[in-house]
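Participant: this is the structure alone, sequence omitted:
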């Protein structure tokens, strides 16, 4: 059977294209990184009919992978779908040289990707029956809107990001926070690399909130100009996603980077530091002076560590807010506290599913919507460990293993998370998981977690 390969570390994205390939009569083969893709090419007797690939891949980057595909499969259709603007631009510049059919942004709708696949394969797009909606389109008619100005959208997004970053007051000239320094050191040790950074991307530079392994002028400046910062590519991406550059010295975008030419680093992997609202503040990144051989699973670990670091940043913000609130409360309402029954009544009125966990990852509270969504009573939920809850709750989603993988957090400490998942439900429903730490009056902290229906956003 003819087959098509999807090379994409984000399973939420790869799952969208499996159905399209099947619709085209192709066997969909999904691999998470460049190394696995190369092994798949070598292991199958027939060349793929089509390859859809991200350019940011662990093991072997997308450009090198495309060159490998061309050696073995000169007639395969190659479609690049990437979140990174400058990498897409580089692919467009080398489109004829590498034999790339299409270069698309991830912000483009799945239906647009579907049309692109049909066109690349020379197939006529079937018309949906008049009485039924296409499975790739909402049933309600969509008003015709003018095309988006991607540059203007990116500018507005960046202005909002910088405003949010400034409001958090994270940049200071004092010594690095020891907890954050410890997390950065542990990150470098976990990946056996000399350099790890907590980088905040500002308007004109990147600034290191915590760091290990740097020296010279970079250490003295505690950062670099923004134009040489690979972390800037992460915050500029269409959607929050890790950037992996296994070997920058041969990469069409990064080989001319001043820091690469000076030998500061040769390889890079950075996971976005995301707020609960979806703002990317910067990255937790690792760098090495030799090629980086990490796997897609190790990139998942870096993402989980980035959630942990983002949790520490969020917890500090919440502590500042709670101290200010406590001072105001003592001045105006000494001795008063919000009763638990009033709090529960308020949270039960939410149109989101809400849970509160303590620092041991034990569920302290679940509202009625959470009970319905999890298909368990509130009494069953309270007292459950998070890991046990996640394993049970995963069965409610279209891809349980993907759910477990993408809500992974470190065993201890605060965290911030934000991901979208499709439920096993007809009609199609999508929920957004978000979580952030909250300080408790006894000096500990917990997590407040939400599951919100975002189906309308995903149509």
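Facilitator: Sure thing, it's come through. As the structure is a prediction and not an experimental result, all values here were calculated from the model.
Participant: from here on, contacts and neighbour counts on C-alpha atoms
Facilitator: Fine.
Participant: what stretches of the chain score poorly on pLDDT?
Facilitator: For the chain, applying pLDDT under 70 flags the ranges 128-150, 322-340, 458-459.
Participant: and it, what are its domains?
Facilitator: Domain assignment for the chain by automatic domain parsing gives 3-120, 153-300, 337-458.
Participant: in TSV, list the ones you listed along with mean neighbour count and distance to residue 313.
Facilitator: Shown next, in TSV, are the domains of the chain (neighbours: other Cα atoms under 10 Å; distance: least, Cα to Cα, whole Å):
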stretch	mean neighbour count	distance to residue 313
domain 3-120	19	25
domain 153-300	19	8
domain 337-458	17	9
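Participant: would you tell me which of these gets closest to residue 307?
Facilitator: domain 337-458 (5.0 Å; Cα to Cα).
Participant: circling back: how about the domains of the chain in CSV, adding distance to residue 126?
Facilitator: Putting these into CSV (distance: least, Cα to Cα, whole Å) gives the following:
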stretch, distance to residue 126
domain 3-120, 9
domain 153-300, 29
domain 337-458, 22
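Participant: for residue 312, which of these is the nearest?
Facilitator: Of the domains of the chain, nearest to residue 312 by Cα to Cα is domain 337-458, at 6.0 Å.
Participant: how far off centre is that closest one?
Facilitator: From the chain centre to the centre of domain 337-458 is a distance of 19 Å (Cα atoms, centre = their mean, to the nearest Å).
Participant: number the residues from 33 up from this point.
Facilitator: All right, first residue 33 from here; so that's domain 369-490.
Participant: how long is stretch 35-54 end to end?
Facilitator: Terminal residues of stretch 35-54 are spaced 9 Å apart (Cα to Cα, to the nearest Å).
Participant: what's in contact with that stretch?
Facilitator: Identification of contacts with stretch 35-54 by Cα atoms under 8 Å, 6 or more residues apart in numbering yields 58-66, 69, 80-86, 89, 142, 146, 328, 434, 453.
Participant: just the ones of these in helices?
Facilitator: 66, 69, 142, 146, 328, 434 (DSSP state H).
Participant: okay, the fourth one and residue 121: tell me how far apart.
Facilitator: If you measure residue 146 against residue 121 using Cα to Cα, the figure is 21 Å.
Participant: the last one too?
Facilitator: As for residue 434, its distance to residue 121 is 30 Å (criterion: Cα to Cα).
Participant: can you check the second one too?
Facilitator: According to Cα to Cα, residue 69 stands 23 Å off from residue 121.
Participant: cool, the first one as well?
Facilitator: From residue 66 across to residue 121, the span is 20 Å (Cα to Cα).
Participant: nearest to residue 278 among the ones in helices among the contacts of stretch 35-54?
Facilitator: residue 66 (10.0 Å).
Participant: pretty sure that closest one is touching residue 98, no?
Facilitator: No: shown here, residue 66 and residue 98 do not form a contact pair, counting by Cα atoms under 8 Å, at 9.5 Å.
Participant: need the strands for the stretch 133-282 of the chain, in chain order.
Facilitator: Under the criterion DSSP state E, counting those that start in this stretch, the stretch 133-282 of the chain contains strands at 227-233, 237-244, 255-257, 275-277.
Participant: so which elements touch the last one?
Facilitator: Applying 3 or more Cα pairs under 8 Å, 6 or more residues apart in numbering; DSSP states H and E, one finds that strand 275-277 contacts strand 299-306.
Participant: in its sheet, what does the strand it packs on sit against?
Facilitator: According to DSSP bridges, strand 299-306 forms sheet pairs with strand 275-277 (antiparallel), strand 312-320 (antiparallel).
Participant: measure how buried residue 159 is and give me the count.
Facilitator: Neighbours of residue 159 under the rule other Cα atoms under 10 Å: 7.
Participant: now it: how far from residue 147?
Facilitator: 11 Å.
Participant: what of residue 488?
Facilitator: Counting by Cα to Cα - residue 488 and residue 147 are separated by 22 Å.
Participant: kindly report the same for residue 91.
Facilitator: Taking Cα to Cα, one finds residue 91 at 30 Å from residue 147.
Participant: across the sheet, point out what pairs with residue 466.
Facilitator: residue 450, residue 482.
Participant: so who does it touch?
Facilitator: The neighbours of residue 466, taking Cα under 8 Å, 6+ apart as the test, are 308, 448-451, 481-483.
Participant: switch these over to a markdown table; also include distance to residue 469.
Facilitator: Compiled in a markdown table, the contacts of residue 466 are given as follows (distance: Cα to Cα, whole Å):
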| residue | distance to residue 469 |
| --- | --- |
| 308 | 10 |
| 448 | 7 |
| 449 | 10 |
| 450 | 13 |
| 451 | 16 |
| 481 | 9 |
| 482 | 12 |
| 483 | 15 |
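Participant: quick one: the helices in the stretch 133-282 of the chain?
Facilitator: With DSSP state H, counting those that start in this stretch as the criterion, the stretch 133-282 of the chain has helices at 142-152, 182-199, 210-223, 248-253, 262-268.
Participant: and the ones you listed as CSV, adding distance to residue 39?
Facilitator: Output for the helices of the stretch 133-282 of the chain, formatted as CSV (distance: least, Cα to Cα, whole Å):
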stretch, distance to residue 39
helix 142-152, 15
helix 182-199, 25
helix 210-223, 23
helix 248-253, 35
helix 262-268, 19
